[in-house]
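Asker: mind looking at a prediction? Sequence and model below.
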Protein chains: 2
Amino acid sequence: MKKLINSPDNVVAESVEGFALAHGDIVTRNTEPLFVARVQKKEHGKVAIVSGGGSGHEPLHAGFVGYGMLDAAVPGAMFTSPTPDAIQAATEAVSAGAGVLYIVKNYTGDVLNFDTAAELADFDDIEVSQVIVDDDVAVEDSTFTAGRRGVAGTLLVEKLAGAAAERGDDLAAVTAVAKKVVENTATMGAALSACTVPHVGKPSFDLGEDEVELGVGIHGEPGRKEIPLVSADDVTDHLLDPILADLKLSEGERTIVVVNGMGATPASELYVVYRRVAQRLKEAGIAIERSLVGNFVTSLDMAGCSVTVMRVDDEDLALFDAPCHTSALRQGM
Amino acid sequence: MKKLINSPDNVVAESVEGFALAHGDIVTRNTEPLFVARVQKKEHGKVAIVSGGGSGHEPLHAGFVGYGMLDAAVPGAMFTSPTPDAIQAATEAVSAGAGVLYIVKNYTGDVLNFDTAAELADFDDIEVSQVIVDDDVAVEDSTFTAGRRGVAGTLLVEKLAGAAAERGDDLAAVTAVAKKVVENTATMGAALSACTVPHVGKPSFDLGEDEVELGVGIHGEPGRKEIPLVSADDVTDHLLDPILADLKLSEGERTIVVVNGMGATPASELYVVYRRVAQRLKEAGIAIERSLVGNFVTSLDMAGCSVTVMRVDDEDLALFDAPCHTSALRQGM
């Protein structure tokens, strides 16, 4: 295993320390328990948003802490859910008197621990609502989930719900925005290589030199099937077809598209994939109103990408376009 | 070779096509010859800035085209200099009547072709000045250069010169800003893996399972030496020591730091490296005034990173902080 780390035991702590040092104008770090919060707390009377999950998916979630997106992110160990006490501590730290929304990717551990944290918050009279993100159309149940997995669509949930919270929507309304994103968002990914978790020390699965893992999860969980290595356009079609089928998108509809790198794939390749997505949607008469191309929800050193499509209306676009200032995404400020 | 491409012959053209489709609000693409320019041309009477070089280093340079940075970027084939006619066409397209600055990384082909383009521009009565970036302290001469190589420090040259041009400095003044950045910037990189150029199809060099290439170039050129795999802190020290020696930084001085990913290295590892840089500079009494951590000047799918340190004063910081709006870097707008 070749990594720029000091030891598997402290990689998350040291990485978050470096992250907080690099972005001290945006975030502050709490060490025990570990979480990252906005350096300038949201004004009283607004809904706060907390997310989190296993580390190894950076910039998700800490990279999206800041004005217009998350108030706090709780990183667990690599590919391991954060503990309820850490989530609770983050909740208390950022609550601004109008309730807290948890954005939870649909993995059994995350769902359980955010649920426990919500109960703990209830003791402290902090109202919590939760939205489970399950945008991955590749498989129904999987290694770590009942139901679909939460993957790169999480970024859009955090962006739009964050904008709704920032403009002053109440907890029910912010929750409704997040749920609407989940309902209208579908993602599927493909891996060209496995990832290596530091404390495991070897690749998470075997993939032949000429194989692509279609529908891979963001922890290297098995996907739909392995296929022979094909062109970028063909890989993109394999990802896009199930997405379009799931969303039942039809001519004249409008979308936001995210082409997300898994961590080790060059930007040039992601743009080749985006080109094909744009081509296909144009042919289908579906408009791409906004797009993001880059590494947003990664899987350590996995090579590959995912494609996310969200059906949008004017209200969604206004929330997407609203200003945000986080270390990984900045708009209009 | 496993890549998300359709064919080695069209990867650059298709990637730039996808890039222009994804960022149509910022850039426009010219196809014959190939270059990318700001969609909204700079106002007349201001200096325009053109850069470019071999593809495979994305987001450099096209990702830095936009308000406050570059007016045009000219991508060559993978790791191959752009042709003079393409540079000339970009120059004509973006010239706004106050001269054009070329920012050229110090590789023999780039220097030659930008030089020829400058002569061609002279026929068209466009005044051109050139700044050669040679921030890499790893080696004096190398595979593709006489003198030091131009690497990740190029990002800072483009940012600060871009800000100077945007505020209306004349050609001599913008050129002076760029030269000042070059004089005060030093970079060194390390690779944990080689990169694979699409039309070559195999890794650019051999590196043992337990070896690190210290001082590697951004095309996978040999560096200073191969060392056994050591901790992230030790790798960082190996990069930082020659940088500090080169810049002769002393206590009380101020800096901007860039920790740059080579393409396949997870953000979590880059932040572990940044943590060590911050620790070391703090111990030395040197202030980090601003920092950037991420993939800015990459080498396709190479794993590794580079560290860049720039000595700065108030004037430099004002230029660094000036607004910019490009696809890969956005500040204050």
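Answerer: The structure has been received and is ready for your questions. Numbers count the residues shown, from 1 in each chain, chains lettered A, B, ... in the order given.
Asker: going forward, measure contacts and count neighbours with C-alpha atoms only.
Answerer: Noted.
Asker: burial of the residue of chain A found nearest chain B, as a residue count?
Answerer: Going by C-alpha to the nearest C-alpha, chain B is nearest to A:Ala264 of chain A, at 3.7 Å. Number of residues near A:Ala264 (other C-alpha atoms under 10 Å in any protein chain shown) recorded here: 27.
Asker: domains of chain A?
Answerer: A:11-184, A:185-324+A:327-331 (automatic domain parsing).
Asker: got JSON lines for the ones you listed, with distance to B:Leu270 too?
Answerer: Below are these laid out as JSON lines (distance: least, C-alpha to C-alpha, whole Å):
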{"stretch": "domain A:11-184", "distance to B:Leu270": "8"}
{"stretch": "domain A:185-324+A:327-331", "distance to B:Leu270": "12"}
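Asker: adding mean pLDDT, write these out as CSV.
Answerer: Formatted as CSV, those follow (pLDDT from 0 to 100):
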stretch, mean pLDDT
domain A:11-184, 97
domain A:185-324+A:327-331, 96
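Asker: which residues touch A:Asn6?
Answerer: For A:Asn6, the contact set (C-alpha atoms under 8 Å, 6 or more residues apart in numbering or on different chains) comprises B:Ser231, B:Ala232, B:Asp233.
Asker: the last one: which element?
Answerer: Assigning secondary structure by DSSP states H and E places B:Asp233 in helix B:232-247.
Asker: buried set for stretch A:41-49?
Answerer: Neighbour-count burial for stretch A:41-49 flags A:Lys41, A:Lys42, A:Lys46, A:Val47, A:Ala48, A:Ile49 (criterion: 16 or more other C-alpha atoms under 10 Å in any protein chain shown).
Asker: quick one: which of the residues you listed is nearest A:Arg167?
Answerer: Nearest to A:Arg167 out of the buried residues of stretch A:41-49 is A:Lys46 (C-alpha to C-alpha; 8.3 Å).
Asker: which SS class is that closest one?
Answerer: coil (DSSP: H, G, I helix; E, B strand; the rest coil).
Asker: nearest spatial neighbour of the residue nearest the centre of chain A, chain-adjacent residues omitted?
Answerer: With distances taken as C-alpha atoms, centre = their mean, the residue of chain A nearest its centroid is A:Thr154 (3.6 Å). Leaving aside its chain neighbours, A:Thr154 sits nearest to A:Val133 (6.3 Å; criterion: C-alpha to C-alpha, 6 or more residues apart in numbering or on different chains).
Asker: isn't A:Lys42 up against A:Val94?
Answerer: Yes: using C-alpha atoms under 8 Å, A:Lys42 is in contact with A:Val94, at 7.5 Å.
Asker: got any residues that touch both of these two?
Answerer: In contact with both A:Lys42 and A:Val94: A:Ala48, A:Asp71, using C-alpha under 8 Å, 6+ apart.
Asker: isn't A:Leu270 up against A:Asn260?
Answerer: Yes: using C-alpha under 8 Å, A:Leu270 is in contact with A:Asn260, at 7.4 Å.
Asker: sorry, back to before: just checking, next helix/strand downstream of the helix holding B:Asp233?
Answerer: Following helix B:232-247 in sequence, per DSSP H and E, is strand B:254-261.
Asker: can you give me the end-to-end span of stretch A:311-324?
Answerer: 21 Å (C-alpha to C-alpha, to the nearest Å).
Asker: buried set for it?
Answerer: For stretch A:311-324, by 16+ other C-alpha under 10 Å, it's A:Arg311, A:Val312, A:Asp316, A:Leu317, A:Leu319, A:Phe320, A:Ala322, A:Pro323, A:Cys324.
Asker: near chain B, anything from that stretch?
Answerer: No: residues of stretch A:311-324 are not located near chain B by C-alpha under 8 Å from any C-alpha of the partner chain, the shortest gap being 9.3 Å.
Asker: how distant is that stretch from the center of its chain?
Answerer: 17 Å (C-alpha atoms, centre = their mean, to the nearest Å).
Asker: quick one: contacts of it?
Answerer: A:66-69, A:156, A:159-161, A:163-164, A:184-185, A:247, A:249, A:253-256, A:289, A:330-333.
Asker: before we move on, what about stretch A:119-127?
Answerer: So stretch A:119-127 is contacted by A:Gln88, A:Thr91, A:Glu92, A:Ser95, A:Gly97, A:Ala98, A:Gly99, A:Val100, A:Val128 (C-alpha under 8 Å, 6+ apart).
Asker: list the buried residues in that stretch.
Answerer: Those would be A:Glu119, A:Leu120, A:Ala121, A:Ile126, A:Glu127, for stretch A:119-127 by 16+ other C-alpha under 10 Å.
Asker: go on, stretch A:199-216?
Answerer: A:Pro203, A:Ser204, A:Glu211, A:Val212, A:Glu213, A:Leu214, A:Gly215, A:Val216.
Asker: can I get the residues you listed in CSV with distance to A:Ala173?
Answerer: Below are those laid out as CSV (distance: C-alpha to C-alpha, whole Å):
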residue, distance to A:Ala173
A:Pro203, 42
A:Ser204, 40
A:Glu211, 45
A:Val212, 41
A:Glu213, 38
A:Leu214, 36
A:Gly215, 32
A:Val216, 33
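Asker: pretty sure A:Asn260 is touching A:Gly294, no?
Answerer: Yes: assessed by C-alpha under 8 Å, A:Asn260 is found in contact with A:Gly294 at 5.2 Å.
Asker: tell me the residues that contact both of the two, please.
Answerer: The contact sets of A:Asn260 and A:Gly294 overlap at A:Leu270 (C-alpha under 8 Å, 6+ apart).
Asker: next SSE downstream of the helix or strand harbouring A:Phe114?
Answerer: Secondary structure from DSSP H and E places A:Phe114 in helix A:108-123. The helix or strand immediately downstream of helix A:108-123 is strand A:128-133, counting by DSSP H and E.
Asker: give me the residues contacting the next helix or strand along the chain from that next one.
Answerer: Following strand A:128-133 in sequence order, the next helix or strand is helix A:154-166 (DSSP H and E). Applying C-alpha under 8 Å, 6+ apart, the set of residues contacting helix A:154-166 from outside is A:46-49, A:60, A:64, A:67-70, A:103, A:105, A:133, A:135, A:171, A:173-175, A:177-178, A:181-182, A:296-297, A:316, A:319-320, A:322-324.
Asker: and if we set it to 6 Å?
Answerer: A:Val47, A:Gly68, A:Met69, A:Val174, A:Val177, A:Ala178, A:Val181, A:Leu319, A:Phe320 (C-alpha atoms under 6 Å, 6 or more residues apart in numbering or on different chains).
Asker: give me the angle between the helix or strand hosting A:Val50 and helix A:154-166.
Answerer: According to DSSP H and E, A:Val50 maps onto strand A:48-55. Here the directions of strand A:48-55 and helix A:154-166 differ by 160 degrees (axes from the mean of the first three to the mean of the last three C-alpha atoms, to 10 degrees).
Asker: how far does strand A:48-55 sit from the chain's center?
Answerer: 9 Å.
Asker: wait, does it make contact with chain B?
Answerer: No: applying C-alpha under 6 Å from any C-alpha of the partner chain, one finds strand A:48-55 separated from chain B by no less than 8.5 Å.
Asker: what helices or strands is that strand leaning on?
Answerer: The contact analysis (3 or more C-alpha pairs under 6 Å, 6 or more residues apart in numbering or on different chains; DSSP states H and E) places strand A:48-55 against strand A:72-78, strand A:100-105.
Asker: check the buried residues of stretch A:119-127 and tell me the two furthest apart.
Answerer: A:Leu120 and A:Glu127 (10.4 Å).
Asker: chain center to the helix holding A:Phe114: distance?
Answerer: Centroid separation for helix A:108-123 versus its chain: 19 Å, with C-alpha atoms, centre = their mean.
Asker: ok so, going back, give me the contacts around whichever helix or strand comes after the strand holding A:Val50.
Answerer: Next in sequence after strand A:48-55, counting helices and strands by DSSP H and E, comes strand A:66-67. If you take C-alpha under 6 Å, 6+ apart as the criterion, strand A:66-67 is touched by A:Ile26, A:Arg38, A:Cys324, A:His325, A:Thr326.
Asker: residues near the nearest residue to the last one once chain neighbours are set aside, how many?
Answerer: Leaving aside its chain neighbours, A:Thr326 sits nearest to A:Gly66 (4.5 Å; criterion: C-alpha to C-alpha, 6+ apart). Number of residues near A:Gly66 (other C-alpha under 10 Å) recorded here: 28.
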